[in-house]
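>>> Provided below are the primary sequence and the corresponding predicted coordinates.
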Amino acid sequence: MSPVIKKKGEKFTIPSKYLLFVLTCLCTVLMALTFSTDLFNRPLNTAVGYVIVPFQQGIGKVGSWLSRRKDELVQIRQLLEENVSLQQQVDELLVENTLLQQEKAELSRLRELYQLDNQYDEYHKVGARIIARDSGNWYSTFVIDKGAEDGLEVDMNVIASGGLVGRVSEVGPNWARVTSVIADNSNVSAKTLSSSDTLTVSGDLQAMHDGVIRFSQLIDSQDSVVAGDKVVTSHISDKYLPNILIGTIHTINRDPNNLTKSGFLTPAVDFEHLEEVLVITDMKREWEDA
Amino acid sequence: MLRKITMVILILFCFLLQTTLFRSLAFAGIVPNLLIVLTSAFGFMRGEKEGLLIGFFSGILCDIFFADILGFYALVYMYIGFLNGKFCKIFYPEDIKLPLALITASDLSYGVLCYVLLFLLRGRLNFPFYLGTVILPEVVYTIVITCLLYPLALFVNNRLEGFERKRAKKFV
């Protein structure tokens, strides 16, 4: 007799092996569907956005409050000393700043002459706080506290302290997931700032363990690229805006095929101590249309 | 009903701790896997069905937030919960050796599965490196956390079972 048949007066239950089979099928179908479409993203993202994100924000706030109090106690004496020297520095910088402002005015005049845009300054940016990090230890993704309601969209670029962090890979109403450039499944098209040679920067868990990112496919026939050169995002990518700093070249080796070079970059961003990031709300596609 | 609500709260509690608090307490960038402890513990305490359901919901939560496709982690966690449920018959609350061994085995197989399916298939062949820097540290850290979380899970389960027994008696 089949175990699923309901007896009179008995509560209806499904045996666990049937349930396992049904859920396995469900998972497989879900994987197949979400691999090609984003059918379920919107309702699910909205649901978890209202249930879980507020807690993450709360815990994040408590955590940062506690660590701030701890830091305050430790650092008061140190800060007093630092304050004196910083005040001195402020005075020096003020003088320097006025000089720089004069130079900036000159620079913008020259730029107008050359009809170049200062693209980096013109991007619209939104600040966001990191509220959760990957639940596993395999990939470097994190969740920020801004989402579709703040105008974020998938594929927007994320920067911090002047360098590229990654891009938005999923958006909920009040949260967004950022896949960083050091994640093992991420690839960025880049170029060297000095010679405009293109290369590919790939995240690698093994390389990141030594604090570097892997790069490859650098075509540099004139041997002009050396360690210490700055690497920025290239004009080729359809997702990343051009000329955002990724890092500096750490080591460089010739590939066995004698045509391309590969090696490692030191990232511009300190990924371990990242707390706040800036999301550039200009998209590459719109930016090209404009 | 009470059991279902408690389970939802426990899963959310573990997920939130894992993604926020333990991220700041991470040693060498490694976080313990609380959801595996929860799935595995309720698997061998309550049986296959509860194990696989808790695993499924823990996994789907990870999928929504951190995976590109839905269903992968749900599948992995679900099978871990189900297989732990097979040991329900030889589980006694007084015995600490079996739970520790099962949770260790669960986290280890979770790590190896993740490596094979997410990394090996993309041509990352250096297994000793991943074993030494990701899988084993996670297992060790998870075992340490198990010593704190497992008594809590056991306590919650005992209270719930006591409550259910009392209610069943009243009903008859």
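Yep, that arrived. None of these values were measured; they are calculated from a predicted model.
>>> Give me the neighbour count for residue 96.
Went with chain A since none was named. By the criterion of other C-beta atoms under 10 Å in any protein chain shown, A:E96 has 11 neighbours. Backbone N, C-alpha and C define where each C-beta goes, glycine included.
>>> could you do chain B instead?
A count of nearby residues for B:I96, using other C-beta under 10 Å, gives 14.
>>> That one and B:V144, how far apart?
To B:V144, B:I96 is 14 Å away according to C-beta to C-beta, to the nearest Å.
>>> How about A:L278, nearest residue that isn't a chain neighbour?
Of all residues not flanking A:L278 in the chain, A:K125 sits nearest, at 4.5 Å (C-beta to C-beta, 6 or more residues apart in numbering or on different chains).
>>> Hmm, A:I244 and the one you found touching each other?
No: using C-beta atoms under 8 Å, A:K125 is not in contact with A:I244, being 11.7 Å away.
>>> Quick check: what element follows the helix or strand of chain B with the lowest mean pLDDT along the chain?
When the helices and strands of chain B are scored by mean pLDDT, DSSP states H and E, helix B:22-24 comes last with a mean of 75. The helix or strand immediately downstream of helix B:22-24 is helix B:34-46, counting by DSSP states H and E.
>>> and A:K125 and A:I244? which has more neighbours close in?
More neighbours surround A:I244 than the other of A:K125 and A:I244, with 23 against 14 (other C-beta under 10 Å).
>>> Report the contact partners of the more buried one.
By C-beta atoms under 8 Å, 6 or more residues apart in numbering or on different chains, the contact set of A:I244 is A:Y120, A:N157, A:I159, A:G163, A:L164, A:V232, A:T233.
>>> So which of those belong to strands?
A:N157, A:I159, A:G163, A:L164, A:V232, A:T233 (DSSP state E).
>>> need the strands for the stretch 101-250 of chain A, in chain order.
A:125-133, A:141-144, A:157-160, A:163-171, A:176-180, A:187-192, A:198-202, A:213-219, A:230-233, A:245-254 (DSSP state E, counting those that start in this stretch).
>>> can you tell which of those is closest to B:Q18?
Of all these, it is strand A:125-133 that lies closest to B:Q18, at 8.9 Å by C-beta to C-beta.
>>> what angle sits between that closest one and strand A:163-171?
70 degrees (axes from the mean of the first three to the mean of the last three C-alpha atoms, to 10 degrees).
>>> tell me the contacts of B:L35?
Taking C-beta under 8 Å, 6+ apart, one finds A:S135, B:I11, B:C14, B:F15, B:Q18, B:S58, B:G59, B:L61, B:C62, B:Y77 in contact with B:L35.
>>> Is the longest helix along chain B positioned near chain A?
Assignment by DSSP state H gives helix B:136-171 as the longest helix of chain B. Yes: on the criterion C-beta under 8 Å from any C-beta of the partner chain, helix B:136-171 is in touch with chain A at B:P137, B:E138.
>>> Can I take it that A:K61 is in a helix?
Yes: assessed by DSSP: H, G, I helix; E, B strand; the rest coil, A:K61 belongs to a helix.
>>> how many neighbours does the residue of the stretch 51-200 of chain A found nearest chain B have?
Closest residue of the stretch 51-200 of chain A to chain B, C-beta to the nearest C-beta: A:A132 (3.8 Å). Neighbourhood size, A:A132 [other C-beta under 10 Å]: 27.
>>> Okay, and the beta partners of it?
A:V143 (DSSP bridges).
>>> which residues sit in contact with it?
A:Q56, A:G60, A:F142, A:V143, B:T19, B:T20, B:R23, B:F65.
>>> Identify, from those residues, the entry nearest to A:F271.
Nearest to A:F271 among the contacts of A:A132, with distances taken as C-beta to C-beta, is A:F142, at 9.6 Å.
>>> lowest average confidence, helix or strand, in chain A?
Lowest by mean pLDDT, DSSP H and E among the helices and strands of chain A is helix A:119-122, with a mean of 60.
>>> Low-confidence ranges, chain A, go.
A:1-11, A:109, A:112-121, A:287-290 (pLDDT under 70).
>>> Okay, domains of it per the record?
A:14-47, A:52-116, A:124-290 (automatic domain parsing).
>>> Distance to B:F91 added to the ones you listed, as TSV?
Below are the domains of chain A laid out as TSV (distance: least, C-beta to C-beta, whole Å):
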stretch	distance to B:F91
domain A:14-47	16
domain A:52-116	31
domain A:124-290	27
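>>> most tightly surrounded among the ones you listed?
domain A:124-290 (a mean of 18; mean count of other C-beta atoms under 10 Å in any protein chain shown).
>>> chain center to that domain, what's the gap?
The chain centroid and the centroid of domain A:124-290 are separated by 7 Å under C-alpha atoms, centre = their mean, to the nearest Å.
>>> ok, now stretch A:39-51?
Per C-alpha atoms, centre = their mean, the displacement of stretch A:39-51 from the mean C-alpha position of its chain is 22 Å.
>>> which helices and strands does the helix or strand where A:L20 lies pack with?
Taking DSSP H and E as the definition, one finds A:L20 inside helix A:16-36. Contact here means 3 or more C-beta pairs under 8 Å, 6 or more residues apart in numbering or on different chains; DSSP states H and E; on that basis helix A:16-36 packs against helix B:48-66, helix B:72-85.
>>> Is chain B within reach of the helix or strand that that helix is followed by?
Sequence-wise, the next helix or strand downstream of helix A:16-36 (DSSP H and E) is helix A:41-51. Yes: counting by C-beta under 8 Å from any C-beta, chain B has neighbours in helix A:41-51: A:L44, A:N45, A:V48, A:V51.
>>> Let me know the angle separating helix A:41-51 from helix A:16-36.
Using the same axes, to 10 degrees: helix A:41-51 against helix A:16-36 is 110 degrees.
>>> outside of helix A:41-51, which residues touch it?
A:34, A:147, A:170-175, B:12, B:61, B:64-65, B:70.
>>> ok, now stretch A:228-242?
Under the contact criterion C-beta under 8 Å, 6+ apart, stretch A:228-242 has outside partners A:119, A:123, A:155, A:157, A:164, A:167, A:188-195, A:198-199, A:201, A:215, A:243-249, A:265, A:280, A:282, A:284-285, A:287.
>>> quick one, what contacts residue 143?
In the absence of a named chain, this looks at chain A. So A:V143 contacts A:V53, A:Q56, A:I130, A:I131, A:A132, A:R133, A:W175, A:A176, A:R177, A:V178, B:T19, B:F65 (C-beta under 8 Å, 6+ apart).
>>> wrong chain, I was asking about chain B
By C-beta under 8 Å, 6+ apart, the contact set of B:I143 is B:L100, B:I103, B:T104, B:D107.
>>> now do B:L52
A:S16, A:L19, A:L20, A:L23, B:G43, B:M78, B:Y79, B:G81, B:F82, B:G85.
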